[in-house]
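In: here's my sequence, what's the structure:
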Amino acid sequence: MPSDLLSAQVQLAQAQEDLLQAQNAVDLAHAALNVAMGLPEDAATTIETGLKECSFDAGTISDRQQRALKDRPDLREAGLGVQHADNGKRMARAEFLPKVNAFSSWEEDNQTFLNHGGNNWTVGASLNFNIFDGGANRARLAAAGIAKSRRKRNSSR
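Out: Residues are numbered from 1 along each chain as shown. You can find the predicted model right below:
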């Protein structure tokens with residue numbers, strides 16, 4: 001029957017399209033993995049499928065637990081987050097202080113046939129103090145304090 005042949009050909013074409021989409025999805029997944037690992041998108045990757053045997057150092061359970069807690073990257077990251085928030089709070093507090101800038105320059109002119117040349121120098125300092133900022137510094141300080149307390153609370157979990 002011609003209609004059965006046509007139906008089979010349509011199903012074959014659909015299966016071939018599904019295969020092409022699946023292969024494309026695999027290629028996209030490999031590219032995303034490469035990008036996540038910091039490699040070029042088109043770098044060749046091989047994925048090992050077998051499990052390997054691991055050996056662990058002997059020790060007591062409490063020693064192993066302490067080592068595991070010490071080596072946890074999420075806890076290290078949380079500790080660094082608290083330090084980062086503390087630095088942000090210090091920076092926000094520093095905005096209330098005056099800023100002192102110093103500058104200097106020195107120039108030596110070349111001697112010519114008619115001119116003996118010379119030295120020029122400049123030294124200066126400036127003091128900047130923000131009298132009114134519309135409460136922006138207080139808002140930044142409050143936000144930094146909240147961020148620090150959140151980070152502390154998250155790191156203690």
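
In: would residue 11 count as being in a helix?
Out: Yes - using DSSP: H, G, I helix; E, B strand; the rest coil, the assignment for residue 11 is a helix.

In: burial count for it?
Out: 10 (other CB atoms under 10 Å). The way it works is simple: take the backbone N, C-alpha and C, and place the C-beta from them, glycine included.

In: go on, the one 4 residues further on?
Out: Burial measure for residue 15: 10 neighbouring residues, criterion other CB under 10 Å.

In: from residue 119, how far out is it?
Out: The span separating residue 15 from residue 119 equals 86 Å under the rule CB to CB, to the nearest Å.

In: and the strands in this protein?
Out: Secondary structure of the chain (DSSP state E): strands at 99-109, 118-128.

In: just the CA trace of the first one, in PDB.
Out: Put plainly, it is strand 99-109. Extracted in PDB, the C-alpha atoms of strand 99-109 (Å, rounded to 0.1, in the frame of the first residue of the first chain):
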ATOM      1  CA  LYS A  99      39.900  62.700  51.800                       C
ATOM      2  CA  VAL A 100      43.400  64.100  51.600                       C
ATOM      3  CA  ASN A 101      45.200  64.000  48.200                       C
ATOM      4  CA  ALA A 102      48.900  65.000  47.600                       C
ATOM      5  CA  PHE A 103      50.500  65.700  44.300                       C
ATOM      6  CA  SER A 104      53.800  66.800  42.900                       C
ATOM      7  CA  SER A 105      55.500  67.200  39.600                       C
ATOM      8  CA  TRP A 106      59.000  68.100  38.400                       C
ATOM      9  CA  GLU A 107      60.200  69.100  35.000                       C
ATOM     10  CA  GLU A 108      63.700  69.800  33.700                       C
ATOM     11  CA  ASP A 109      64.000  71.900  30.600                       C
END
